[in-house]
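S.K.: Sequence below, structure please.
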Amino acid sequence: VRCDQNLISRYKTSILYSVFVLDAEHKWTGPFFFIQAADPQLGLMKAWRDGDCDGGGEEWAEEVELTKQAVEAINQLRPRPRFMVLCGDLVHAMPGTPFREGQEKDLKAALKGTDPSIPLVFVSGNHDLGNTPTPSTVEQYCREWGDDYFSFWVIPHFCFFFFLFSFFPQYINTAQTELDTASRERKTCKNWVKAVFSGHYHRNAGGCHGGLDMVVSSAIGCQLGEDTHGVRVVVVTADNVIHRYYSLEQLRARGLDEDLKKLLQA
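M.R.: The predicted model follows:
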């Protein structure tokens, strides 16, 4: 990420974090929701203001505070989210550069307050693996944050989630393999990919094509548009995926909107 709005726009789809939700053909156990957050990117806010985004960002207290606010807001939610996924970029400093270790340490400390009943899921971005990932940077990331791509079923044979770093073709090829396996387990693949969620753009964006919802969520940290620091609430019902972006202030003060609460009580 460089201090150039056009460059940011050009690369807005280069990092993709995907969530796939299946149609209701198997036993449904009730609606649930999860939190999609993106780009805490500790160190970017000052670097952006200074016009030196190629540097690692020597100050990140603002992002730490915003991450703590996000944790506080999510802990207050009732009912609890099934999980929270934190899409990269987790920190701003690239692998092997100054400030990297300190940023990762402080992000982990800020997230430590997350209620134990809310599993945290981490997905890498280009600042986490490097613009050109190597075995060393992937190993380092996996050691600190977990697998660089993975999948799981929330409801067996009903609701499947897949998470990946899509900057390079090999990750997309892996995604296709995972999806083929999931579709075989489910015995059908007709219209089963419902939504794709991503970060990286530091603004809200997206659209819908052919029944596929493409959702780009703005950042916990540095904002490059008119949105506010926030997270996205995603409600999964038996036949739909409903999502809404909340500012951290709004989520802390009011929690979920009443219409989403009603969906979760169905």
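
S.K.: Strands along the stretch 151-266 of the chain, start to end?
M.R.: Along the stretch 151-266 of the chain, counting by DSSP state E, counting those that start in this stretch, strands occupy 159-163, 195-198, 205-209, 212-216, 230-236, 241-247.

S.K.: With respect to Gly30, which of these lies nearest?
M.R.: Closest approach to Gly30 among these (CB to CB): strand 230-236, 9.9 Å. Quick note: C-beta positions are derived from backbone N, CA and C, even for glycine.

S.K.: partner strands of that closest one, parallel or antiparallel?
M.R.: Here strand 230-236 is paired, per DSSP bridges, with strand 32-38 (antiparallel), strand 241-247 (antiparallel).

S.K.: So which of the ones you listed is the most surrounded?
M.R.: With neighbours defined as mean count of other CB atoms under 10 Å, these peak in mean count at strand 32-38, which reaches a mean of 24.

S.K.: what's the average pLDDT for that one?
M.R.: On average, the pLDDT along strand 32-38 is 96.

S.K.: If you count neighbours, what's buried in the following helix or strand past it?
M.R.: Under the assignment DSSP states H and E, the closest C-terminal helix or strand after strand 32-38 is helix 44-50. Applying a neighbour-count criterion of 16 or more other CB atoms under 10 Å, one finds Leu44, Met45, Lys46, Ala47, Trp48 buried in helix 44-50.

S.K.: One more: stretch 150-161?
M.R.: Quick answer for stretch 150-161 (16+ other CB under 10 Å): Ser151, Val154, Ile155, Phe158, Cys159, Phe160, Phe161.

S.K.: so what's the fifth one bridging to?
M.R.: The residues paired with Cys159 through beta bridges, assigned by DSSP bridges, are Ile155.

S.K.: which stretches of the stretch 1-150 of the chain have low pLDDT?
M.R.: For the stretch 1-150 of the chain, the stretches flagged by pLDDT under 70 are 1-26.

S.K.: which one of the buried residues of stretch 150-161 sits closest to His200?
M.R.: For the buried residues of stretch 150-161, the nearest to His200 is Phe161 (18.4 Å; CB to CB).
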